[in-house]
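# kindly generate the corresponding structure for this input.
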Amino acid sequence: MAPITYPQQTQRTWTWPQVRLSWLSLGLWLIGLLVLGLLLLTPLYLVLRTAEAGSAAWDLLWQSRNLAIWGRTLLLCVSVTFTSVGIAVPLAWLVHRTDLPGRKIWRVTAALPLVIPSYVFAYLFISLFGPRGILQQWLAPLGVERLPELYGFWGAWLVLTLISYPYVYLTTSAALRRLDPCQLEAARSLGLSAGAAFWRIILPQLRPAIVAGGLMVALYTLRDFGAVTLLRYSTFTRAIYVQYQSFFDRSLAAALALQLVLLTAVILYFEWRSRGRAQYGRGSIGVARQPELHTLGAWRWPALAYVSGLMGMALFVPTAALGYWVWRGLNQDWGIRAVAGRANVVNPWELWVPATNSVVVALLAAVVTVALTLPVVVLVMRRRNGFTQFLEQFTYAGFALPGIVIALAMVYFGANYARPLYQTLPLLLVAYVVLFIPQAMGTIRGSFLQLPRHVEEAGRSLGKGSAAVFTRITLPLVQPGLLAGGALVFLTAMKELPATLLLSPMGFTSLPMHIWSNISEAFFAEAALPTLLLILLSSVPLAFLQAGLGSA
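The predicted structure follows:
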């Protein structure tokens, strides 16, 4: 009989859990933490300065003037956002999916209003359609002595809508290129009309891109300063600027900026709730082919009138006004400038240095911003947890803050804690990243939403590592979103003014700085030529991008 054996009791020892973290994942988390740290600089600065105000900051919240600012800001933000969506979605569909006459030309020009700075756009409309503007002078022989007022809400709504609708147009256009044409063809084969197929099949697929573009429009409206100031419509940005101009109590300006951050958080919350749990990825990669164009038929010429009228108001009218001021500067005002000792101000060769500086800085800002945004989007889309959701929502805060607030925050931390970076190009690029990362975030995230997950899983099942799948499968599929995000950052950085004024190195000049210096001195004709150059330098890369991506 075999002896009975009892299992020996072994003493349990606790060991550290083994965590397998690839180099790719480690890099993603480090970059995500870096971006979060950069984004936290401005709120930390605002909190520190608001704390200096004490009880005055709390009293400011309930003042009737402050409540009125809340109402005006919300009214303008909601109006511009909904109008931009209503303009841009039909425009993108007509340009990319119909037989609209001249659609290849409209495809490029539809996004060009982005290159015009808001303060230039507002001034041109005032000079044209103001009570005593150029149009009134032309109509004076007919007995027209004064045109209706353009100032206030309606003027700000019109100008900001014409400037910001391209955000929705670009994100919607990128989503249209990624749509599977088989879905629309299957819907038509089942008996759905073209309109019903659009509302039931296409529009739900475009929802992430439309929401992303609308969010950028809302945040752009919140942070705009130039247009609302020239058009005399007091929003948070104008109130913040006026308070910052006060020598005695700038801490109250920080309190106003914190309220703007709170308003941004509310908008982001509703945007997050609107997403739901819908999946927008395609069931398969599909065949790389052009979709069939929808025939407009009897709607061909009304559609052409809509697109050409929109382009006329948003692009051709302000461009013609700039051409008029250039003509004034080169001809009628020449004698005045010669007497004033400014006869060489309009010399185009003197714009070479600021033009080169603007292009180089904007290109660096686009590359750095996209390079930092892509890992954040990968974390948000592939590592869903509380931290990544907070990081995703927090990235949009920088776009809502006025450039002057972010610039002053960078000046504060640079002068006190990072003196080697003070008034250097790297600190200016940091401010650009904080300002423009929401633009890249929206477009890149929209591309990831349409990326089918099982394609990446198939790559891993074939033995490929995470890095190989990311570089050989994921990056090529999201390339349209990367290029669109980089283009948006480039265009916005080209015309950024407050951050460039406060953070640029000694002796650094850019086209926006040159334009603003002339406008502030009332040399409007002299500001026209650098503005035209700014439009040209910004529109050429955008035209190349649209032509390269717009084969649909």
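# OK, contacts around M381?
Neighbouring residues of M381 by CB atoms under 8 Å, 6 or more residues apart in numbering: 445, 448-449. For glycine as for every other residue, the C-beta is placed from the backbone atoms N, C-alpha and C.
# quick check, it in a strand?
No. Counting by DSSP: H, G, I helix; E, B strand; the rest coil, M381 is not part of a strand but helix.
# pLDDT value on it, please?
Here, the pLDDT recorded for M381 equals 72.
# any idea which of the contacts of M381 is closest to M513?
Of all these, R445 has the smallest distance to M513: 32.5 Å, by CB to CB.
# thought that closest one was touching G213?
No. At 11.6 Å, R445 does not count as touching G213 under the criterion of CB atoms under 8 Å.
# can you report phi and psi for H294?
Main-chain torsions, H294, degrees, to the nearest 10: phi -80, psi 130.
# surely it and D99 touch.
Yes. The criterion here is CB under 8 Å, and H294 meets it with D99 at 7.2 Å.
# okay, the two: which has more neighbours?
Taking neighbours as other CB atoms under 10 Å, H294 and D99 compare with H294 leading, 18 against 14.
# for the more buried one, which non-adjacent residue is closest in space?
What sits nearest to H294 in space, not counting adjacent residues and going by CB to CB, 6 or more residues apart in numbering, is T98, at 4.8 Å.
# same question for S164.
Closest residue in space to S164, ignoring its immediate chain neighbours: V217 at 4.6 Å, by CB to CB, 6+ apart.
# before we move on, back to that, residues in contact with the residue nearest to H294?
By CB under 8 Å, 6+ apart, the contact set of T98 is 293-296, 303.
# let's go with 10 Å and repeat that
Applying CB atoms under 10 Å, 6 or more residues apart in numbering, one finds that T98 lies in contact with 194, 293-296, 299-300, 303.
# in what helix or strand does the residue nearest to S164 lie?
Using DSSP states H and E, V217 maps to helix 203-223.
# pLDDT of the next helix or strand after that helix, averaged?
Under the assignment DSSP H and E, the closest C-terminal helix or strand after helix 203-223 is helix 226-230. Helix 226-230 carries an average pLDDT of 83.
# then stretch 107-123?
Average pLDDT, stretch 107-123: 83.
# which helix runs longest in the chain?
In the chain, with assignment by DSSP state H, the single longest helix is helix 64-97.
# helices or strands up against it?
helix 55-61, helix 103-109, helix 153-178, helix 203-223, helix 226-230, helix 236-245, helix 251-275, helix 300-311 (3 or more CB pairs under 10 Å, 6 or more residues apart in numbering; DSSP states H and E).
# and with 7 Å instead?
helix 103-109, helix 153-178, helix 203-223, helix 236-245, helix 300-311 (3 or more CB pairs under 7 Å, 6 or more residues apart in numbering; DSSP states H and E).
# out of the contacts of M381, who's nearest A525?
R445 (43.2 Å).
# got a list of what the nearest residue to the closest one once chain neighbours are set aside touches?
Spatial nearest neighbour of R445, excluding adjacent residues (CB to CB, 6+ apart): V377 at 5.3 Å. Neighbour list for V377: 441, 444-445, 448 [criterion: CB atoms under 7 Å, 6 or more residues apart in numbering].
# would you turn those residues into JSON lines with secondary structure?
Shown next, in JSON lines, are those (three-state DSSP):
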{"residue": "M441", "secondary structure": "helix"}
{"residue": "I444", "secondary structure": "helix"}
{"residue": "R445", "secondary structure": "helix"}
{"residue": "F448", "secondary structure": "helix"}
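# CSV please, covering those residues and showing distance to V228.
Below are the contacts of V377 laid out as CSV (distance: CB to CB, whole Å):
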residue, distance to V228
M441, 25
I444, 29
R445, 29
F448, 34
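# least confident of those residues?
Sorting these by pLDDT puts F448 at the bottom of the list (72).
# ok, residues contacting the helix holding V217?
73, 76-77, 80-81, 84-85, 88-89, 160, 164, 167-168, 171-172, 174-175, 179, 236-237, 260, 263-264, 267, 271, 274, 280, 396, 399-402, 438-439, 442-443, 445-446, 449.
# quick one: it to chain centroid distance?
Taking CA atoms, centre = their mean, to the nearest Å, one finds helix 203-223 lying 10 Å from the centre of the chain it belongs to.
# same deal with stretch 401-419?
In terms of CA atoms, centre = their mean, the centre of stretch 401-419 is set 21 Å apart from its chain centre.
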